[in-house]
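Asker: Sequence first, predicted model second:
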Amino acid sequence: MSAMNKKKIQNLAEEIIKRVKRFNKAEAECLIRLFNELMGDQPVTGRVIHGLDRGMFRNILHKTFGMTDDLQMDGVFHAFDKDNDNFVSVKEWVEGLSVFLRGTLDEKIKYCFDVYDLNSDGYISREEMFHMLMNSLIRQPIEEDPDEGVKDLVEITLKMMDHDHDGRLSFADFAKAVKEENLLLEAFGTCLPDDKSILEFEQRIFQD
């Protein structure tokens with residue numbers, strides 16, 4: 001790596017850690033270098049899109065963190081992609097990983113809600129719950145109508161989490177339910193890495 005690139009990475013890391021409190025400067029630099037590797041070290045020109053596209057990002061989630069659900073991986077991509085340009089920039093990458101790997105409960109609640117709000121309208125609807133739960137449940141071939149079981153589960157979940165009884169989950173509903181019962185954080189599917197995956201990732205990336 002040239003001195004110029006090294007200096008650029010150091011400056012970028014300093015800028016990012018002013019907003020991201022979960023990583024120190026050395027860790028931020030490691031994550032920026034990893035991002036550059038994943039991007040294939042593309043030349044810096046105005047015509048190059050500087051970001052991970054959906055396919056590259058999903059590949060990372062699958063290979064590194066063992067995620068397999070397409071719907072959840074798309075949701076994680078959108079939660080990282082704050083400016084909705086269909087690419088995860090280097091800043092979005094480090095900021096997203098700060099919550100993904102080391103977030104507080106409040107940060108994870110906001111992150112999970114963003115993942116589950118599939119159409120980004122500020123609510124988790126019955127339809128969204130149905131699609132996510134249907135994807136995450138193992139279908140039993142002996143069931144005559146597995147969709148009915150999912151619909152029942154949606155109604156049970158709503159009864160538990162829909163505090164204002166409007167038939168959908170607002171962020172306030174979701175946050176209140178999770179704070180009362182932390183296990184509800186990933187109620188609609190796995191969208192956070194397990195402790196083993198986090199440890200392996202951090203040992204590999206931060207070993208220097």
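Answerer: Yep, that arrived.
Asker: And residue 14, how far from residue 8?
Answerer: According to CB to CB, to the nearest Å, residue 14 stands 11 Å off from residue 8. Bear in mind the C-beta positions are built from the backbone N, C-alpha and C, glycine included.
Asker: typo on my end, it should be residue 156
Answerer: 52 Å.
Asker: Likewise for residue 84?
Answerer: For residue 84, the distance to residue 8 - CB to CB - is 26 Å.
Asker: Just want to know which of these two has more residues nearby.
Answerer: residue 8 (15 against 8; other CB atoms under 10 Å).
Asker: got the contact list for the helix or strand bottoming out on mean pLDDT in the chain?
Answerer: Lowest by mean pLDDT, DSSP states H and E among the helices and strands of the chain is helix 3-17, with a mean of 86. For helix 3-17, contacts defined as CB atoms under 8 Å, 6 or more residues apart in numbering pick out 1, 23-25, 28-29, 32-33, 36, 90-91, 94-95.
Asker: ok, of those, which one's closest to residue 203?
Answerer: residue 23 (14.9 Å; CB to CB).
Asker: Number of residues surrounding the closest one?
Answerer: 21.
Asker: Can you verify my assumption that residue 50 contacts residue 90?
Answerer: Yes - the pair residue 50 and residue 90 qualifies as a contact (CB atoms under 8 Å) at a distance of 7.0 Å.
Asker: ok, these two, which is more surrounded?
Answerer: Neighbours were counted for residue 50 and for residue 90 using other CB under 10 Å; residue 90 has more, 21 against 13.
Asker: so who does the more buried one touch?
Answerer: 12, 32, 35-36, 50-51.
Asker: Any figure for the gap between it and residue 81?
Answerer: For residue 90, the distance to residue 81 - CB to CB - is 13 Å.
Asker: quick revisit: quick check on the contacts of helix 3-17: which are buried?
Answerer: Using 16 or more other CB atoms under 10 Å as the burial test, the contacts of helix 3-17 include 23, 28-29, 32-33, 36, 90-91, 94-95 as buried.
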